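>>> Here's a sequence, model it:
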Amino acid sequence: MSVHDEPFTLPAAHALHLTDLVVGAGIAQEELLGPLGLDRASLSIPGAQLAVPVVVRLFQRARALTGNGAIGILLGLQMRASAHGYLGFAAMTASTLHEALETATRFVRTRTNALGLSLHVGDRSASLVIEERADFGEARDAILFALVVGIWQIGDALTGRQLPGSADFAFPRPAYIDLGTDFVPRLRFDQPLTQLVFDVSALSLPLTMSDPVSRQLAYSECERSLEELGADQEILARVRKLVARASGGFHSLDEVANQLHLSSRTLKRRLSTHGVTYSDLLEEQRREKALLLLRSSGLSLDEVAEQLGYSDTSNFRRAFRRWTGISPAAYRRR
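Next up, the predicted model:
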């Protein structure tokens, strides 16, 4: 079975926390878990995973039993770094928020293959993009709210301050959203992607629980877990990190392959096991950087196009319309 065909799963620990929310609403946990063939003991096993369709049904039942559509927001509000195992421990003992986010983007695969994270840093703003690799069906909003709110909560806790910023969601505004919107200053819906956006200065904030020795221990465990998943599990994260040049622009396939000490042919083959090409990843990076530059910089469209590697601004406009369905100017006005 190729990596691309691997079943999508999410950590069972989050289902356990969801169960606690339902129980806190006065509902017996057997009413939530029983019909799905689940029990508290199985969800409590370290490292346990649940197939995404099971998680979707669990969220649907939780909503129906509690009558609360905003269950995903409530789940995110109670999320702690410790809920993410060694990954959470490595992030919480990092020296800065930047280091913590870099840790999360690299090792997220040790927790789930259904979601991905990528960090983009601009002159004024930075963004943490959430990539949906699985179909979350009717629980999409709840799962993404839980993740975004949870990350923001963890960021506040680790820095010891309330971080300003905004969150974009790639789905329409739910009717229940007024039940809880105080976790970030601004929410935007029907966006091209789901992401957290914040001032770039926040990346340099020190963490209250920074501990170099503990971090090294946790980081080593994360690396070991990644190795156990197989060499190809990390290739996407490594390539994504190398696509963009530090000085601006983007590397070619051959340049990235050289940095990874691989032949171009081998890199193409390893990417194909994930169902992607280098062109796909380059397009993804251009799109995410374009969205960040258009909303957080004073650059003209010509300058944005140049930073993205387009020699002709009209080519950039066509690409942006293909990505989002609207023009760069319309997106910036919005």
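
>>> Which secondary structure element of the protein has the lowest mean pLDDT?
Here the helix or strand of the chain ranked lowest by mean pLDDT, DSSP states H and E is helix 235-243, holding a mean of 85.

>>> C-alpha coordinates for that helix, PDB please?
The C-alpha coordinates for helix 235-243 follow below in PDB (Å, rounded to 0.1, in the frame of the first residue of the first chain):
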ATOM      1  CA  ILE A 235       9.800  13.900   2.600                       C
ATOM      2  CA  LEU A 236       6.800  16.200   2.000                       C
ATOM      3  CA  ALA A 237       7.600  18.300   5.100                       C
ATOM      4  CA  ARG A 238      11.300  18.600   4.100                       C
ATOM      5  CA  VAL A 239      10.500  19.500   0.500                       C
ATOM      6  CA  ARG A 240       7.900  22.100   1.500                       C
ATOM      7  CA  LYS A 241      10.500  23.700   3.800                       C
ATOM      8  CA  LEU A 242      13.100  23.900   1.000                       C
ATOM      9  CA  VAL A 243      10.900  25.100  -1.900                       C
END
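
>>> Distance from that helix to the middle of the chain?
Between the centre of helix 235-243 and the centre of its chain there are 15 Å (C-alpha atoms, centre = their mean, to the nearest Å).

>>> Identify the residues contacting it?
105-106, 109, 116, 118, 250-251, 256, 259-260, 267, 270-271, 274, 276, 278, 281-282, 284-285 (C-beta atoms under 8 Å, 6 or more residues apart in numbering). (Glycine included, C-beta is placed from N, CA and C.)

>>> hmm, try it at 6 Å
Under the contact criterion C-beta atoms under 6 Å, 6 or more residues apart in numbering, helix 235-243 has outside partners R106, S118, F250, V256, Q259, R270, H274, L281, L282, Q285.

>>> same question, stretch 9-18
43, 48-51, 55, 58, 62, 75, 83, 111-112, 114.

>>> Could you find the lowest-pLDDT member of those?
pLDDT across these is lowest for A83, at 89.

>>> Distance check, the residue lying closest to it once chain neighbours are set aside against I130.
In space, and not counting its chain neighbours, A83 is closest to A13: 5.7 Å by C-beta to C-beta, 6 or more residues apart in numbering. Distance, A13 to I130, by C-beta to C-beta, to the nearest Å: 19 Å.

>>> One more: A330?
24 Å.

>>> Please say which of these two ends up with more neighbours.
I130 (22 against 12; other C-beta atoms under 10 Å).

>>> Count the residues that sit near R270.
Around R270 there are 18 residues (other C-beta under 10 Å).

>>> now it: how far from G155?
In terms of C-beta to C-beta, R270 sits 33 Å off from G155.

>>> E234 now?
Counting by C-beta to C-beta, the gap from E234 to G155 is 24 Å.

>>> With F320 instead?
Taking C-beta to C-beta, one finds F320 at 29 Å from G155.

>>> Same drill for the two, tell me which one is more crowded.
F320 (27 against 24).

>>> residue contacts, that one?
So F320 contacts P328 (C-beta under 6 Å, 6+ apart).

>>> try 8 Å
Neighbours of F320 in contact, by C-beta under 8 Å, 6+ apart: R287, A290, I326, S327, P328, Y331.

>>> just S297 next, same as before
G122, D123, R124, S125, V304.

>>> Return the subset of these lying in helices.
Among the contacts of S297, the members falling in helices are V304 (criterion: DSSP state H).

>>> Put the buried members of the contacts of S297 into a PyMOL selection.
Buried members of these, identified by 16 or more other C-beta atoms under 10 Å, are gathered into one PyMOL selection as follows:
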select buried, resi 122+125+304
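
>>> Any chance of TSV for the contacts of S297, columns pLDDT?
Shown next, in TSV, are the contacts of S297 (pLDDT from 0 to 100):
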residue	pLDDT
G122	85
D123	84
R124	89
S125	92
V304	91
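
>>> what's the closest of the contacts of S297 to T66?
T66 has its nearest neighbour among the contacts of S297 in S125, at 36.1 Å by C-beta to C-beta.

>>> surely that closest one meets V197?
Yes. At 5.7 Å, S125 counts as touching V197 under the criterion of C-beta atoms under 8 Å.

>>> Any chance you could list residues touching both of the two?
Counting by C-beta under 8 Å, 6+ apart, the shared contacts of S125 and V197 are L292, R295, S296.
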